[in-house]
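K.L.:
Predicted model and sequence follow; I will ask about them next.
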Protein chains: 2
Amino acid sequence: MKNFEYFNATRLVFGRGEENRIGELILPKLVENKTVLVVYGGGSVKRSGLLDRVITSLEKNNLKVVEFGGAQANPTMEHVRLGIQLAREENVALVLAVGGGSVIDTAKAIAMGVPYEGDAWDFFACGVMPKTALPVACVLTLPAAGSEQSIRVVISHQGRKLGAGCGVVRPYLSVINPELFFTLPEKQIRAGVIDMMSHIMERYFTQTEGVDFVSGQAEAALRSIMKNGLLVKENPQDYDAWSQIGLAGSFAHNGFYGLGHVEDWACHAMEHELSAWDESITHGEGLAVVTPSWMKHVWKENPARFVRFAKEVMGVDLEGDTEAIVLEGIRRLEQFFINMGAPITLQQLKAEKAPVAMLAERVTAKGPIGNFKKLYASDVLQIYQLAL
Amino acid sequence: MKNFEYFNATRLVFGRGEENRIGELILPKLVENKTVLVVYGGGSVKRSGLLDRVITSLEKNNLKVVEFGGAQANPTMEHVRLGIQLAREENVALVLAVGGGSVIDTAKAIAMGVPYEGDAWDFFACGVMPKTALPVACVLTLPAAGSEQSIRVVISHQGRKLGAGCGVVRPYLSVINPELFFTLPEKQIRAGVIDMMSHIMERYFTQTEGVDFVSGQAEAALRSIMKNGLLVKENPQDYDAWSQIGLAGSFAHNGFYGLGHVEDWACHAMEHELSAWDESITHGEGLAVVTPSWMKHVWKENPARFVRFAKEVMGVDLEGDTEAIVLEGIRRLEQFFINMGAPITLQQLKAEKAPVAMLAERVTAKGPIGNFKKLYASDVLQIYQLAL
């Protein structure tokens, strides 16, 4: 195990009805300036009445509300800049995201951008680290990205989809009420489930030795996500099953499953190129396509890790031939994705015409990606082609 | 699952040599007043050179050191009061514990007591909640109590051993270097391993439904602790195995494994009475004695929970007869304790003369204990007698 530092600074407030006291929950953070920028996406939080309930709670606590709707999947820099401008004009003290990962990432990018003198795209394109940010709080409506506990932000701009990350933008408070997930469409359910699994697998597939405890935690989390993912697909009103998904998804990306690991993140990078190329591609579905191909390409770098995955996560009980065990593990993962209704090929993703050679060059422009196996453009191209 | 709030405020710094930069790590907390009370136990941290290295690091960062040694297993109120007096006289700004759970609990009790007008025993005997406390940091030398990440403090006084707990005393920073565990005697190794297992089991055995994700995490943690516990007993210089134990022990008691649960804590209460009666009894060994008897007494309250424990934690692969599966799970837990060299009866603990009827009355003086099954004095007496 590598030496590490870990600090999980998000206060999690979990359970039925908790969003109705969001005003009371954030009040202690707002001593003098009581203006809150409420960031949300399309109409669903309006139609469901959630936005009204949140605003009622804020106003009941004498907070001033500034609304900023219109955040979209794969949030864009243009939209973030509008939010920064509004937040500055209104002298906002705190950014409250009401939504899923895209809304939260929009809120985080605004929170970083407000006190920054330059253009906020610097954080993504130039590796500038934010020194400070407005505090961010969340009411989660979609368990997937784990952004409600993470230090990461992903923004799209000019055909690129880039991430930044810094402790100052980690939400200090997140409310998760599994009831808010009851109305999610099936596509978002499966994309969310696959995204959170990927956050764990990007860390689990490591060459770092001596990480048995965290590996066991990751395996148990993946099993619970798969079991409960099928349950919520079957019955989207299953509170108990959503509770497991909501909790797992939130911990999946807060750093716990990577403690002391060299992490990988090649699948996320390859998927980000795909959904930057065609922003109608949903991140979680893109991951379902690239991940099994990545596995087939890299497993020989550490067969023991993939045997452990096959046995402990996918329940393969074969003995003997390593390759057969590993490939059966990957096949069962693909089968799970299929059972969730996800695509597992570029064709099923309607991305068979993606310019994969160009995307492979682009994703490796700054050097090889991944750590389980360092992937050069030729590796990435092979992985995309395996996924056709 | 119950609604819950979770905030894990401890910054964990983990790995080889990290204790040598403790001065640098705590420096940002000490803006004006730079006086640190260094709390430790007996001579072992002196003999090993650890205390010297810690003090060197503090002094190199221009911090003023006030030493307070002599903390003992089952720390006493008398000793805590001396520490409070010293900390006040020296106008201490931060309390640094260098040791295991008893040292950390001594440090926490001092940190609570310094700003409190009354006597610090009020926190334990009268349920007074501390409003504030000096910041506490830790360099851990014994993975067991999990006190380095927990809000709990246990202090002995006048034949009672009582706990208090409040977020203000949760250490804000803890350093864990598994190398510091290489010289632990076998008795402390087994007591530590059993104590951390108990912290998980006190939460795992719940009547709360809908907690599959956390249950899976708990089961995986228990399996990893048992596997690596045997490895460190065999070879106390096994860094990788100690890393798993160190990490598991620290997370075991930070609240993660109880998220959304009604927790139990009857075994801890019954053990505390034993080691308050005879303070030569080591907490972890006392737990090895009371836990299997508790299980035999309560399992019928929720057989499914005990079947899951037998299968998922103890690897029982019987089918059919519930009682046989449950009892085989308990037998295997006892066998693990035996393999670690622990006592599993009051006689082996040299406590066969314990006044169990009186202890059973005492532990239930304020009402029944436990939540998996509410235990009255007659239940506790039966459990002690089962353990004879």
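P.N.:
Done, it's in. Numbers count the residues shown, from 1 in each chain, chains lettered A, B, ... in the order given.

K.L.:
CA only for contacts and neighbour counts going forward, please
P.N.:
Noted.

K.L.:
What separation is there between A:N177 and B:G320?
P.N.:
Per C-alpha to C-alpha, to the nearest Å, A:N177 is found 38 Å from B:G320.

K.L.:
The two - which one has more neighbours?
P.N.:
More crowded of A:N177 and B:G320, by other C-alpha atoms under 10 Å in any protein chain shown: A:N177, with 23 against 7.

K.L.:
wait, what's in contact with A:V65?
P.N.:
With contact set as C-alpha atoms under 8 Å, 6 or more residues apart in numbering or on different chains, A:V65 has these partners: A:T35, A:V36, A:L37, A:V38, A:I55, A:L58, A:E59.

K.L.:
A:M358: neighbour count?
P.N.:
12.

K.L.:
does it sit in a helix or strand, and which one?
P.N.:
Assigned by DSSP states H and E, A:M358 belongs to helix A:356-363.

K.L.:
Torsion angles phi and psi at the most far-flung residue of chain A relative to its centre?
P.N.:
Relative to the centre of chain A, the most outlying C-alpha is that of A:G320, 36.4 Å out, by C-alpha atoms, centre = their mean. With angles defined as degrees, to the nearest 10, A:G320 sits at phi 90, psi -120.

K.L.:
Let me know the pLDDT of it.
P.N.:
Note on A:G320: pLDDT of 88.

K.L.:
how near is it to A:E312?
P.N.:
For A:G320, the distance to A:E312 - C-alpha to C-alpha - is 16 Å.

K.L.:
what does A:V65 give?
P.N.:
48 Å.

K.L.:
Looking at the stretch 251-388 of chain A, what residue ends up closest to chain B?
P.N.:
A:G260 (8.3 Å; C-alpha to the nearest C-alpha).

K.L.:
which residues touch that residue?
P.N.:
So A:G260 contacts A:M1, A:K2, A:N3, A:F4, A:V211 (C-alpha under 8 Å, 6+ apart).

K.L.:
Ok, A:I84 next?
P.N.:
A:I110, A:A111, A:G113, A:V114.

K.L.:
Quickly name whichever of those residues is closest to chain B.
P.N.:
Relative to chain B, and with distances defined as C-alpha to the nearest C-alpha, the nearest of those is A:A111, at 21.9 Å.

K.L.:
Look at that closest one and give its secondary structure.
P.N.:
With DSSP: H, G, I helix; E, B strand; the rest coil as the basis, A:A111 sits in helix.

K.L.:
my read: it touches A:V95, true?
P.N.:
Yes. A:A111 is within contact range of A:V95, at 6.5 Å (criterion: C-alpha atoms under 8 Å).

K.L.:
Which one of those two is surrounded by more residues?
P.N.:
A:A111 (30 against 26).

K.L.:
Please name the spatially closest residue to the more buried one (chain neighbours excluded).
P.N.:
A:L134 (4.7 Å; C-alpha to C-alpha, 6 or more residues apart in numbering or on different chains).

K.L.:
same thing with A:S198?
P.N.:
Of all residues not flanking A:S198 in the chain, A:L287 sits nearest, at 7.3 Å (C-alpha to C-alpha, 6+ apart).

K.L.:
Next: A:I104.
P.N.:
Nearest to A:I104 is A:A97, by C-alpha to C-alpha, 6+ apart, at 5.2 Å.

K.L.:
quick one: the helices in the stretch 51-200 of chain A?
P.N.:
In the stretch 51-200 of chain A, the helices defined using DSSP state H, counting those that start in this stretch lie at A:77-89, A:101-113, A:122-125, A:186-204.

K.L.:
Go through chain A and flag its longest helix.
P.N.:
helix A:212-234 (DSSP state H).

K.L.:
quick one: that one to chain centroid distance?
P.N.:
16 Å (C-alpha atoms, centre = their mean, to the nearest Å).

K.L.:
So which elements touch whichever helix or strand comes after that helix?
P.N.:
The helix or strand immediately downstream of helix A:212-234 is helix A:239-251, counting by DSSP H and E. Taking 3 or more C-alpha pairs under 8 Å, 6 or more residues apart in numbering or on different chains; DSSP states H and E as contact, the helices and strands that helix A:239-251 lies on are helix A:186-204, helix A:212-234, helix B:212-234.

K.L.:
How far does helix A:239-251 sit from its chain's centre?
P.N.:
For helix A:239-251, the distance to the chain centre is 14 Å (C-alpha atoms, centre = their mean).

K.L.:
Skip ahead from that helix and say which helix or strand is next.
P.N.:
Toward the C-terminus from helix A:239-251 - assigned by DSSP H and E - lies helix A:266-277.
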